[in-house]
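In: sequence first, then the predicted structure:
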Protein chains: 2
Amino acid sequence: MTGKQFPSVWLREPRKTTSPGRSREEIVRAAMELLDAEGLHGLSMRKLGAKLVTGATSLYWYVANKDELLELVYDEVWGEVRLPESETAHWREFASVMAHSMRQVILRHPWSADLIGRLPALGPSALSLTDRMRRILKTAGFRGADVDYATATLTSFVYGFTIPEVAWKSSMGEGYDIPAMHDIAARAARDFPDLAADFAVEQSEDPQVMREVAFDFGLVSILDGLEARLVT
Amino acid sequence: MTGKQFPSVWLREPRKTTSPGRSREEIVRAAMELLDAEGLHGLSMRKLGAKLVTGATSLYWYVANKDELLELVYDEVWGEVRLPESETAHWREFASVMAHSMRQVILRHPWSADLIGRLPALGPSALSLTDRMRRILKTAGFRGADVDYATATLTSFVYGFTIPEVAWKSSMGEGYDIPAMHDIAARAARDFPDLAADFAVEQSEDPQVMREVAFDFGLVSILDGLEARLVT
DNA sequence: AAACCACTCGCACACTGTACGAGTTTATCG
DNA sequence: CGATAAACTCGTACAGTGTGCGAGTGGTTT
């Protein structure tokens, strides 16, 4: 009956701290460095403690558990998203810049892809992002729930496009061994000749560029679709 | 130089087996049951062994490691997607059914959301799905790389929409304690009055229905956008 | 009978997150 | 100043994880 308490760092008052050296910020920064260097798998409380020359369990004074720590670094990531300065930008321009920036940020911090959805995104950076997006959409003429729907559509696309992309890259390592990839695709798809054939053709393209083009294709399509919803 | 070998069950010949009782299929089925019952976190080789009345390490005869096992159940999930029977269905109809079905399947097996992107999807069910989608798009008139782009756009949306949805649900438990959610959102967004206000309004809707409507909104928008790319 | 094969599984290793509680420093107050 | 309380540190321990290894078992083939 009581309804489980939803756990999030952002719903707790942080501990008051008189601390000199150690602090949440420092811990978050160190965690981010570890994550960027070694990935999500490479972050453990013990390693983090070692990096900060502290006992692993000392960190639990500043952070209730590992998930809370991850929530903090997660929000830090969204803080890196760059948006058009002016509030008066055309909504298509705004949305496009935001989408591209979100993708770049995730590519820069591949571990964050594993966190999307696994953790609540209630931090200030995340909220500020959606707040600005919604504002722009409203002034563009979207009304009521359509504002939600439009943002959801957009962010869903960015997430869904980028999450598998990042995962693939980190599975492959950074090798980009194109002939090997070709071979892999061909072998996996040997029962689907059409698929295999298309794979073969596309393998000749630069995958980096291709991803970019694909992203833009999807983004433009979505913006067109949303615009159609607007003019009625 | 050699280029790391990409690891996937589907790229290895399976072991030949004279086995009577135990088999890959049985293991996969048991794993699926465990996953549906207890989530990704609840699946461990030891528990799975116990369920099958075997030593945990015996499973490693049939499966190289846990990730391979997960690849197998993962493909099983995509096998549950239902598509229109006829190859002659209109592409919009086809895409729409596929998107909805994918979403439903993920909602039915929430643990699968955590696997999207983390594991290569090179199994027969996954490949068959993309193969059919691509075929339909081709006959609809999409050409060359546009076929990839369009499918990527569609599946990205489905993934990106559903992954966070599922994660949110499983964090909250199935409680759907609406007033509590209201409170949570309000507190988290206290620095963003507009956001908080909108949250408050929307909290009065049935979230289940709302998600469905949102999904359809996005889907229709995307299909419109893709169609615009087609008629040129 | 010997050799091979498919298969089982106990043990051990290196790790994980974190509860607990005892210890130490620092700040506040009478 | 001394005392009390609050802020902080951290060693130990527990219950778990995936899985490499190597010894063992039972059936089939030569």
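Out: Now that the structure is in, tell me what you want to look at. Numbering: from 1, shown residues only, chains lettered A, B, ... in the order given.

In: the helix ranked longest in chain A: how far from the chain's middle?
Out: Under DSSP state H, the helix in chain A containing the largest number of residues is helix A:145-172. Helix A:145-172 has its C-alpha centroid displaced from the chain centroid by 8 Å (C-alpha atoms, centre = their mean, to the nearest Å).

In: does that helix come close to chain B?
Out: Yes - Helix A:145-172 reaches chain B (C-beta under 8 Å from any C-beta of the partner chain) through A:145-150, A:152-153, A:155-161, A:163-168, A:171-172. Backbone N, C-alpha and C define where each C-beta goes, glycine included.

In: what does stretch A:223-232 give?
Out: Yes - residues of stretch A:223-232 contacting chain B under C-beta under 8 Å from any C-beta: A:223-226, A:228-229.

In: quick one, which of these are buried?
Out: A:223-226, A:229 (16 or more other C-beta atoms under 10 Å in any protein chain shown).

In: what about the host helix or strand of residue A:47, distance to the chain center?
Out: Per DSSP states H and E: residue A:47 is located in helix A:45-51. Chain-centre distance of helix A:45-51: 25 Å, with C-alpha atoms, centre = their mean.

In: can you point out the buried residues in that helix?
Out: Neighbour count says helix A:45-51 has A:45, A:48-49 buried, by 16+ other C-beta under 10 Å.

In: and what of stretch A:139-146?
Out: For stretch A:139-146, by 16+ other C-beta under 10 Å, it's A:140, A:142, A:145-146.

In: also stretch A:206-213?
Out: Residues of stretch A:206-213 classed as buried: A:207, A:211 (neighbour count, 16+ other C-beta under 10 Å).

In: ok, and does it reach over to chain B?
Out: Yes - using C-beta under 8 Å from any C-beta, we find that stretch A:206-213 touches chain B at A:210, A:213.

In: contacts only, for the most centrally placed residue in chain A.
Out: Closest residue to the average C-alpha location of chain A: residue A:106 at 4.4 Å, with C-alpha atoms, centre = their mean. Residues near residue A:106 by C-beta atoms under 8 Å, 6 or more residues apart in numbering or on different chains: A:77, A:112-113, A:116, A:158, A:162-163, A:166.

In: of those, closest to residue B:190?
Out: residue A:77 (22.1 Å; C-beta to C-beta).

In: give me the pLDDT value at that closest one.
Out: Looking at residue A:77, its pLDDT reads 98.

In: quick one: the helices in chain A?
Out: Under DSSP H, chain A gives helices at A:24-38, A:45-51, A:66-78, A:91-108, A:124-140, A:145-172, A:178-188, A:193-202, A:207-230.

In: with the contacts of residue A:106 in mind, which one is nearest to chain B?
Out: residue A:163 (4.4 Å; C-beta to the nearest C-beta).

In: now residue A:35. Nearest residue, chain neighbours left out?
Out: Of all residues not flanking residue A:35 in the chain, residue A:111 sits nearest, at 4.7 Å (C-beta to C-beta, 6 or more residues apart in numbering or on different chains).

In: for residue A:132, same thing?
Out: Nearest one to residue A:132, counting by C-beta to C-beta, 6+ apart, is residue A:83 at 6.2 Å.

In: and the one you found, what is it in contact with?
Out: A:94, A:97-98, A:101, A:129, A:132.

In: quick check: mean pLDDT of stretch A:168-181?
Out: 64.

In: isn't residue A:123 right up against residue A:11?
Out: No - the criterion here is C-beta atoms under 8 Å, and residue A:123 misses it with residue A:11 at 10.9 Å.

In: more neighbours: the two, which one.
Out: Per other C-beta atoms under 10 Å in any protein chain shown, whichever of residue A:123 and residue A:11 has more neighbours is residue A:123, with 23 against 14.

In: could you tell me the per-residue confidence at that one?
Out: pLDDT, read off for residue A:123, is 91.

In: with residue A:10 instead?
Out: 85.

In: apart from its chain neighbours, what residue comes closest to it?
Out: Nearest residue to residue A:10, sequence neighbours excluded (C-beta to C-beta, 6+ apart): residue A:122, at 4.4 Å.

In: ok, residue A:160 next?
Out: With C-beta to C-beta, 6+ apart, the residue lying closest to residue A:160 is residue B:160, at 3.0 Å.

In: please verify my assumption that the one you found contacts residue A:154.
Out: No - if you go by C-beta under 8 Å, residue B:160 and residue A:154 don't touch, sitting 9.3 Å apart.

In: rewinding a little: for the residue nearest to residue A:132, give its distance to DNA strand C.
Out: 33 Å (C-beta to the nearest atom of the strand, to the nearest Å).

In: just residue A:101 next, same as before
Out: Residue A:101 is 30 Å from DNA strand C, by C-beta to the nearest atom of the strand.

In: ok, now residue A:133?
Out: 32 Å.

In: surely that residue meets residue A:151?
Out: Yes - at 5.3 Å, residue A:133 and residue A:151 qualify as touching, with contact defined as C-beta under 8 Å.

In: any idea how many residues pack against residue A:127?
Out: 22.

In: again, but for residue A:191
Out: 11.

In: with residue A:134 instead?
Out: Using other C-beta under 10 Å: residue A:134 sits among 19 other residues.

In: wait, what's in contact with it?
Out: Neighbours of residue A:134 in contact, by C-beta under 8 Å, 6+ apart: A:147-148, A:151, B:194-195, B:198.

In: how about TSV for those residues, with distance to DNA strand C added?
Out: Formatted as TSV, the contacts of residue A:134 follow (distance: C-beta to the nearest atom of the strand, whole Å):
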residue	distance to DNA strand C
A:147	36
A:148	32
A:151	31
B:194	34
B:195	29
B:198	33
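
In: how far away is residue A:27 from DNA strand C?
Out: 13 Å.

In: how much space separates that residue from residue B:204?
Out: For residue A:27, the distance to residue B:204 equals 40 Å [C-beta to C-beta, to the nearest Å].

In: which of these two has more residues huddled nearby?
Out: Neighbour comparison, residue A:27 and residue B:204: the larger count goes to residue A:27, with 23 against 8 (by other C-beta under 10 Å).

In: so what's the residue lying closest to residue A:79 once chain neighbours are set aside up against?
Out: Using C-beta to C-beta, 6+ apart and skipping residues adjacent in sequence, the residue nearest residue A:79 is residue A:125, 3.8 Å away. When contacts are counted by C-beta under 8 Å, 6+ apart, residue A:125 touches A:75-79, A:81.

In: could you redo the last one with a cut-off of 6 Å?
Out: With contact set as C-beta atoms under 6 Å, 6 or more residues apart in numbering or on different chains, residue A:125 has these partners: A:75, A:78-79.
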